[in-house]
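K.L.:
I need the structure of the sequence given here:
(one chain, ligands or ions: 1)
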Amino acid sequence: MEYSALLAGRRSTRRFDTARDVPDDVLEQVLAAPLAMPHAGNTYDWRGVVLRRRDRDAATWPAVHAALLGQSYVEEAAVVVAFAVQPGWWAERYRANIAALVDRGLIDPARHAGLLAMVDAGPGDSDFLTTGLIGEAMMGVAAAMLAALDAGLGATVTACRPAELAAAIGLPDGAVLCPWGVLAIGWPAADDEPPAAGGSQPEEAGAGRPPAAAPKPGLDEMYFGRRWGQSLATPVL
Ligand SMILES: Cc1cc2nc3c(=O)[nH]c(=O)nc-3n(C[C@H](O)[C@H](O)[C@H](O)COP(=O)(O)O)c2cc1C
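P.N.:
Just a heads-up that it's a prediction; the model follows:
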């Protein structure tokens, strides 16, 4: 699909077809997409826990579903992927990875003195590092979501209670769940209905896949020109 058409048609799916699984090769494309995204030092510390509906463990799924707020479309989704990052693992490998990129001629040490100085200084503040790594992982979540849509699937980023979900999927010490890094994927249900006009539908009510995208703010609201608060349309020269 053309990228612009894919973006224009993207919306969250809140009702999945429970009769259809996602074929392995399609799922593989979706799971590979995050690796097409950049990552500091080419390190890729993130990991995804893939939960397929067909493999659900009756003993553990209820806790996972509860941590995902018990939402109906999560129950219906053929696949749920939860992403986590590993700041300590990243810090151990980053320096060597940068050195490898320099060896390959991809990073010019003379022109990247600032980057190398940052590497020498170490990972620094762990909150800062974790925040940065979660941001990088979220680029991957976006890539996976768009790859799913490109394959004709529906995909919805979905909220969770992070500590509960981390425990339910067995995250080890040192792994930090991306609190907004859970993706529910599946074929949109054929009988999706738009939300009732004017009705207030809680997100978790699974109101269906609306025929039009949710209203979005204009670019003039989202971007400033040159300085915070200045209009993009009339930047001060
Ligand atoms: C971090 C994040 C968490 C979200 N959590 C939920 C959720 O728990 N349940 C839900 O129905 N939608 C959830 N959404 C979807 C948003 O409600 C949706 O993106 C927004 O209403 C805009 O609609 P659209 O995605 O169709 O354009 C989430 C989206 C993001 C980015």
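
K.L.:
from the centroid of this protein, which residue is nearest?
P.N.:
V141 (2.2 Å; Cα atoms, centre = their mean).

K.L.:
the helix or strand that contains it close to the ligand?
P.N.:
Using DSSP states H and E, V141 sits within helix 126-150. No. On the criterion Cβ under 6 Å from any ligand atom, helix 126-150 is out of touch with the ligand, staying 8.6 Å away. The C-beta positions use only the backbone N, C-alpha and C, and glycine is treated the same way.

K.L.:
thought the residue nearest to the centre of the chain was touching P34?
P.N.:
Yes. Here V141 lies in contact with P34, judged by Cβ atoms under 8 Å, at a distance of 7.2 Å.

K.L.:
so what does the helix holding V141 touch, helix or strand wise?
P.N.:
helix 3-9, helix 24-32, strand 79-85, helix 87-103, strand 154-157, strand 176-186 (3 or more Cβ pairs under 8 Å, 6 or more residues apart in numbering; DSSP states H and E).

K.L.:
and those, which one is worst for confidence?
P.N.:
Of all the helices and strands packed on helix 126-150, the minimum mean pLDDT falls on helix 87-103 (a mean of 82).

K.L.:
pull the helix or strand with minimum mean pLDDT from the protein.
P.N.:
The weakest-scoring helix or strand in the chain, judged by mean pLDDT, DSSP states H and E, is helix 113-121 (a mean of 70).

K.L.:
low-confidence ranges, this protein, go.
P.N.:
By pLDDT under 70, the weakly predicted segments of the chain are 116, 119-120, 122-124, 191-213, 234-237.
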